[in-house]
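Trainee: what follows is a predicted protein model with its sequence.
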Amino acid sequence: MQVDEDAVRAVLNRLRRAQGQLAGVIAMIEAGRDCKDVVTQLAAVSRALDRAGFKIVASGMRQCLAAKNADEAPMTEAELEQLFLALA
């Protein structure tokens with residue numbers, strides 16, 4: 001799927017942030033940190049990943065609706081709905 005460069009940059013920034021947060025969660029668990037702190041950080045990682053996924057879907061909606069090439073049918077409404085639900 002092709003998306004504009006600003007969207008790609010935003011998604012990559014969110015994924016890098018999530019990667020750093022996940023490394024922090026791993027370090028917290030290894031250090032024996034409090035469960036509440038670990039879960040709070042894990043929730044932040046989850047939100048960052050969700051936001052990256054939503055950004056990909058939102059910015060690529062036109063490409064999702066259009067056929068990738070002449071031999072391929074565009075995505076149906078049901079397929080798009082399933083794509084959104086995969087992020088839920």
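Mentor: The structure has been received and is ready for your questions.

Trainee: for the chain, what spans make up the helices?
Mentor: For the chain, the helices defined by DSSP state H occupy 5-30, 35-59, 61-65, 77-85.

Trainee: mean pLDDT lowest where, among those helices?
Mentor: Lowest mean pLDDT within the helices of the chain: helix 61-65, a mean of 66.

Trainee: rebuild the helices of the chain as CSV, extending it with distance to Asp71 and mean neighbour count.
Mentor: To be clear about C-beta, it is placed using only N, CA and C from the backbone, and glycine gets the same treatment. Output for the helices of the chain, formatted as CSV (distance: least, C-beta to C-beta, whole Å; neighbours: other C-beta atoms under 10 Å):
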stretch, distance to Asp71, mean neighbour count
helix 5-30, 26, 14
helix 35-59, 24, 15
helix 61-65, 16, 13
helix 77-85, 17, 11
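
Trainee: any idea how far Phe84 is from Leu12?
Mentor: The span separating Leu12 from Phe84 equals 21 Å under the rule C-beta to C-beta, to the nearest Å.

Trainee: and if you look at Gly20?
Mentor: On the measure of C-beta to C-beta, Gly20 and Phe84 end up 27 Å apart.
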